[in-house]
Each structure stands twice: as C-alpha cells, then as structure tokens.
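J.: just a sequence and a predicted model for now, questions to come.
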Amino acid sequence: MIEFDHLCKEYDGVYAVNDLTAVIPSGEIFGLLGPNGAGKSTTILMLIGLIEPTSGCCRIDGVEVASNPISVKQKIGYMPEDVGFYPGLTAEENLAYFARLFRMEPREYARRIPDLLSLVGLDGVTKNVSGYSKGMRQRLGIANALLNDPSVIILDEPTANLDPQGVADYRRIIAGVAGEGKTVFVSSHILSEVSRVCSSGGLLLKGRLIAQGRWEEMSRQFRATAEHGFTIAVETRDPMPQFSFDDLVSAEFSSDRRMATLHARSDISDSVIDDCNRANVRLHGIRQEGMSLEELFLAYYQAEV
C-alpha cells in the first residue's frame, strides 16, 4: 500500500509537489499522469526516500518513508526512467550484485535471478550489458525492480524504448505481480498506455493532483468539465423536430433535416429517440461518438491551465 498524506515539496518558494493526498491499496496498478514538469519525478524521489518532503509525508505499507528510508527500501522495487547497469557485467552478474546490496542469501538469489531473466525474456543472453539495446536494458530494469520480491513496485516511464513485444510482456508481468497483491505505481505522460495497464490513476498538474480515481470516474469528471463530452449522430426517414435539452450544446442539421450531429454534455440518445417518437419521426439510426479519453484528458488539462 502507498499513502500520500498532504505531501509537499518546495524549492525557493515554488511548489514542485503541493498537498498531494492519495491512498493506493495493495493489488492496485496506479498510473500517475502529467506533462513534463508536473512533479511526477519529485513525487517518486520522495516516495523512494531520496529526497525529503517540505511537509506532509508518504508511507509504504504503513512505514513513513522519510523517517525510515532504509527499511522502506527493503519493501520497494524501483525502475528509473533511465536505467543504469554495470556495462562490463552480464545481466545475471548485475542482478547478483544488486541482490547482495539487498542482503539476499546467495541460495535465494541464485534461484530467483534465472526466473526473473526468463520472465523478462533475457534468459540465455550471456553477453555483457554493454552490448544491450535500449529495450534490453529496459527489460533488465524490470527484472531488477522485482529482484527483492517487493510489496510495492515503482516504475518511471516503464515502456520507454520497448518494442511491441516488450510492451506486451511488460503488461503481462505487471498484471501478474498485481494479481499477487503487490502495489504497482507507474509514472508516465503517455495516457493511452497508462489507461490500458493501470486500474486507476491520477492527473498531476503543476504539483497538484487535480483528478484521481478509476478511469470511468475520471472520464465522467473530464466530461463534466469539457464543453461537450458527447457527439451523437442521428439519421431519420422524416424531417427531425427541433431538439431542446438542458445538456444539448449545439445541433447541426442537413438541409432536409434527416441527418443531424448533436454535441452534448451527456449522452442524450434516449431523449432524442423519445422526441422523435412523439413527433412520429421514423428513426433510421443513432450512434454515440463520445470523446476519446485522450481528448477528454487534453480538454480537462487545458481547462485547468
């Protein structure tokens, strides 16, 4: 479990993170979204104990990070955006080195390392890391984040440099570890990927968490802010009546009024059907064309800016 309790970080009077409060339970895959400079990296650095907050706190499985940075590091696995390994060592030798830093027993990491390399698709690769592609280094970074069997996994831009197969493998791995009851925290600015792999998320803007929850909940919140979150295409066999609904923003009709495009704040399809029936207008087809999550995200972001 991860808890942020009114977490703040200030630099020279400017808040990089401002009053961040959230609870991410065990078994959850949470995606922290935001543009560059939103405060995502600062949040992660406080979460892993590399910098201290100005005020507030964050906790890992109930343990306050700033007060107990060493014990917290035993509970977490972390993959930074730019993963780094010793180039003159193999993947197995790199993982063995980090396992000793975690004070893992040799028998334990000798058993675990081959399993992890197989999990990320690097089993059988014997060359030194200096000969790895960026994608291979990213795969090794995922293995390293799982090395100490952590209860919380923190990933910063985890799909950067991965090819399509690597992305598919990453999704499978993350779903698997969450299924074991581990908490997964993903930081990214790529909404399409985060919304696909994460069960919930939050939108960070100028250090403030301006939206959080399940994707369905945030979509409703985004639509409420957008000028119109739904586009409804209507086609009839007879001229349509004039529609008047509270959530109708605008309506565009063809010259014979047998085709229309309606922009609305909510799904007004049922109301359109009812009005057509009352006016004895035969309906040929109706479909809702809601804004995509990316479009809603951008509209909400622009409204908040």
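T.: Structure received. Quick caveat, the model's predicted, so the values are computed rather than measured.

J.: tally of neighbours for Y170?
T.: Using other CB atoms under 10 Å, Y170 has 21 neighbouring residues. All C-beta atoms are positioned from the backbone trio N, CA, C, and that covers glycine.

J.: what comes up buried for the strand or helix carrying it?
T.: Using DSSP states H and E, Y170 falls within helix 164-179. The neighbour-count criterion (16 or more other CB atoms under 10 Å) identifies G166, V167, D169, Y170, R171, I173, I174, V177, A178 as the buried residues of helix 164-179.

J.: repeat that for stretch 89-97.
T.: For stretch 89-97, burial by neighbour count (16+ other CB under 10 Å) applies to T90, A91, E92, N94, L95, A96.

J.: mind listing residues that contact it?
T.: The contact list for stretch 89-97 (CB atoms under 8 Å, 6 or more residues apart in numbering) reads 85-86, 109, 113-114, 116-117, 122, 125-129, 132, 140, 143-144, 147.

J.: if you set the cut-off to 10 Å instead, what comes out?
T.: Stretch 89-97 is contacted from outside by 84-88, 104, 106, 109-110, 112-114, 116-117, 120, 122-123, 125-132, 136-137, 139-140, 143-144, 146-147, using CB atoms under 10 Å, 6 or more residues apart in numbering.

J.: next up, the contacts around I29.
T.: Contacts of I29 by CB under 10 Å, 6+ apart are 153, 155, 171, 174-175, 177-179, 182-186, 194, 197-201.

J.: and it, how far from S254?
T.: 46 Å (CB to CB, to the nearest Å).

J.: for the stretch 51-200 of the chain, just list every one of the strands.
T.: Taking DSSP state E, counting those that start in this stretch as the test, the strands found in the stretch 51-200 of the chain are 55-60, 63-64, 76-79, 152-156, 183-188, 200-205.

J.: so where's this protein uncertain?
T.: 220-229, 290-305 (pLDDT under 70).

J.: quick one, helices of it?
T.: Under the criterion DSSP state H, helices of the chain are mapped to 40-47, 69-73, 91-101, 106-119, 134-145, 164-179, 191-197, 215-225, 269-278, 293-304.

J.: please check the contacts of stretch 89-97 and keep the buried ones.
T.: For those, a burial check counting by 16+ other CB under 10 Å picks out 85, 104, 109, 112-113, 116-117, 120, 122, 125, 128-129, 132, 136-137, 139-140, 143-144, 146-147.

J.: distance of the closest residue to V167 other than its chain neighbours from R107?
T.: Excluding the flanking residues, the one nearest V167 by CB to CB, 6 or more residues apart in numbering is T159, at 5.2 Å. As judged by CB to CB, T159 and R107 stand 34 Å apart.

J.: which one of those two is surrounded by more residues?
T.: Shown here are T159 and R107; by other CB under 10 Å, T159 has more neighbours (19 against 8).

J.: look up phi and psi at that one.
T.: Main-chain torsions, T159, degrees, to the nearest 10: phi -90, psi 0.

J.: got a list of what D246 touches?
T.: A264, R265, S266, I268, S271.

J.: just the buried members of those residues?
T.: Buried by 16+ other CB under 10 Å: A264, R265, S266, I268, S271, out of the contacts of D246.

J.: quick one, the helix holding Y170 and strand 183-188 angle?
T.: If you take axes from the mean of the first three to the mean of the last three CA atoms, to 10 degrees, helix 164-179 sits at 150 degrees to strand 183-188.

J.: what is helix 164-179 packed up against?
T.: Contacts defined by 3 or more CB pairs under 10 Å, 6 or more residues apart in numbering; DSSP states H and E place helix 164-179 against strand 29-33, helix 106-119, helix 134-145, strand 152-156, strand 183-188, helix 191-197.

J.: one more time with 6 Å
T.: Where contact means 3 or more CB pairs under 6 Å, 6 or more residues apart in numbering; DSSP states H and E, helix 164-179 is not packed against any helix or strand.
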